[in-house]
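[1] From the sequence below, what's the structure:
(one chain, ligands or ions: 1)
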Amino acid sequence: MSATRVLVFAGSARQGSLNQKLAAVAARELELAGAAVTPVDLRALSLPVYDADIEASGMPAGARTLRRLFAEHEALLLVSPEYNGFPTPLLINALDWASRPVAEDGLPSGPAAMSGTVAGLLSASPGAFGGLRSLLFTRQFLQMNLGMLIVPEQFGLGLAENAFDPAGALVDAKAHAAVLKVVQSVLRTAAAVTSPPVA
Ligand SMILES: Cc1cc2nc3c(=O)[nH]c(=O)nc-3n(C[C@H](O)[C@H](O)[C@H](O)COP(=O)(O)O)c2cc1C
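    Residues are numbered from 1 along each chain as shown. This next block holds a predicted model:
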């Protein structure tokens, strides 16, 4: 069986992002479990704030890139902070753009590329709740319109400024185990979804 292909991206692009650190922990666990991981830097996609006039003047290359990445991967590990209890504009904007390309050049439309993607959710915050409140909204957003299959396990890393050692590992074994649980659920679910039906 070929390795499950997993996109990993963070909903914060800033240098020193706690969510990027948590994404790196999850990516390492995915790789240890045999997955093929593709990290995606949302900032590098250079997507403007969605505007139909911009779209009418030409689809940004980043939107097509993200659509292609979804078409090429079975799963997504998403690690995002919350801003005022909500997923970040960077994240929402990128996925809104990814939903816009039509089917072309042998690639599916954006919605078709994202539909059926198995997704796991993590968040990190300096606050006590770890950004957990936003994950319900993120779950709804990914599932309701984009058609992703979100695993039930999720984890918000609270007090995240003190959660990593200098090498980037999680200090708290329980926090690490919670990340692992999400990672394993994503891989288990992706394998079940993509395996051929039992005769
Ligand atoms: C506009 C804004 C709103 C925020 N709202 C919340 C919030 O609702 N809950 C929370 O835990 N942290 C909130 N924060 C703090 C972020 O969790 C914190 O900046 C975090 O470090 C961002 O993630 P990053 O380190 O990956 O960039 C907010 C930050 C900003 C800039």
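[2] which parts of the lengthiest strand in the chain are buried?
    Using DSSP state E to define each element, the chain has its longest strand at strand 149-157. For strand 149-157, burial by neighbour count (16 or more other Cβ atoms under 10 Å) applies to 149, 150, 151, 153, 154, 155, 156, 157. Where C-beta positions appear, they are placed from N, C-alpha and C, glycine not excepted.
[3] can you put those residues in JSON lines and add pLDDT?
    Output for the buried residues of strand 149-157, formatted as JSON lines (pLDDT from 0 to 100):
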{"residue": "149", "pLDDT": "98"}
{"residue": "150", "pLDDT": "98"}
{"residue": "151", "pLDDT": "98"}
{"residue": "153", "pLDDT": "98"}
{"residue": "154", "pLDDT": "98"}
{"residue": "155", "pLDDT": "98"}
{"residue": "156", "pLDDT": "98"}
{"residue": "157", "pLDDT": "98"}
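[4] Would you mind listing what in this structure touches the ligand?
    Contacts of the chain with the ligand, taken as Cβ under 6 Å from any ligand atom, map to 12, 14, 17-19, 81-85, 125-127, 129, 131.
[5] switch the cut-off to 8 Å
    Within the chain, the positions adjacent to the ligand are 10-14, 16-22, 80-86, 124-131, 133-134, 160-161 by Cβ under 8 Å from any ligand atom.
[6] And those, which of them are buried?
    Members of those classed as buried by 16+ other Cβ under 10 Å are 10-13, 17-22, 80-82, 124-125, 127, 130-131, 133-134, 160.
[7] Tell me which entries of these lie within strands.
    Short answer: these in strands (DSSP E) are 10, 82, 124.
[8] Out of these, which comes closest to the ligand?
    The ligand lies nearest to residue 82 out of these, by Cβ to the nearest ligand atom, at 4.6 Å.
[9] Which parts of this protein are strands?
    So, for the chain - with DSSP E - the strands run 5-10, 36-40, 75-79, 82-83, 86-87, 118-124, 149-157.
[10] Which one of these lies nearest to residue 175?
    Go through the strands of the chain one by one with Cβ to Cβ and the one that ends up closest to residue 175 is strand 149-157, at 5.8 Å.
[11] the inter-axis angle of the closest one versus strand 118-124?
    10 degrees (axes from the mean of the first three to the mean of the last three Cα atoms, to 10 degrees).
[12] which other helices and strands contact strand 149-157?
    Judged by 3 or more Cβ pairs under 8 Å, 6 or more residues apart in numbering; DSSP states H and E, the packing partners of strand 149-157 are strand 118-124, helix 132-144, helix 173-194.
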